[in-house]
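Visitor: Just to be clear, the model below is a prediction. Sequence and coordinates:
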Amino acid sequence: MAISLMEAYIIETLKAHPYTYKEVAGYLQEGNLEVFSKDYDYDFTLLQKLYTTDEAAFKAAYTERYTVKYVTINGLVGLLRMRFGIEDGITKHETSVTGIEVNGEVEEEIRYMLSSNWNVTREGAYITISA
């Protein structure tokens, strides 16, 4: 499922809280967004719209994986930190991020997450993501 960068940020924030999918789906189904907005400053109506538009796709995005439609370089660095806990040792350039040490499984998740305008290349234990 393809989602926006902001939707990805919201999902990763809630997963880190940690809210289970069942809890989040229940609150979204009830329209109870205040439970989230008391702790976080996001527009949770985006998540509710995503949920009500296609519940199965939302569940897949929350519990499995997703592709982000458009990612900026700063958004990429944020997602690497939020979703994968990657922040040490990386270097952000104007159109790329280098020095990302990950295993093959995480590399595959990163490849799936990024839209087609991003390239992921491996050199030894490190990957580079470039636009």
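Guide: Looks like it arrived, so ask away.

Visitor: Could you list the low-pLDDT ranges of the protein?
Guide: Scanning the chain for pLDDT under 70 picks out no residues.

Visitor: residue ranges of the strands in it, please?
Guide: Taking DSSP state E as the test, the strands found in the chain are 2-3, 67-68, 91-92, 96-101, 119-123, 126-130.

Visitor: Turn the ones you listed into TSV, columns for distance to Ile10 and mean neighbour count.
Guide: All C-beta atoms are positioned from the backbone trio N, CA, C, and that covers glycine. Converted to TSV, the strands of the chain look like this (distance: least, CB to CB, whole Å; neighbours: other CB atoms under 10 Å):
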stretch	distance to Ile10	mean neighbour count
strand 2-3	9	17
strand 67-68	12	18
strand 91-92	23	12
strand 96-101	22	16
strand 119-123	24	12
strand 126-130	22	18
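
Visitor: As a markdown table, those strands with distance to Ala61 would be great.
Guide: Listed next are these as a markdown table, based on distance: least, CB to CB, whole Å:
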| stretch | distance to Ala61 |
| --- | --- |
| strand 2-3 | 6 |
| strand 67-68 | 9 |
| strand 91-92 | 26 |
| strand 96-101 | 23 |
| strand 119-123 | 20 |
| strand 126-130 | 21 |
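
Visitor: For stretch 41-50, report the contacting residues that lie outside it.
Guide: Residues outside stretch 41-50 that contact it (CB atoms under 8 Å, 6 or more residues apart in numbering): 3-4, 6-7, 9-11, 13, 24, 28, 31, 33, 36-37, 57-58, 61.
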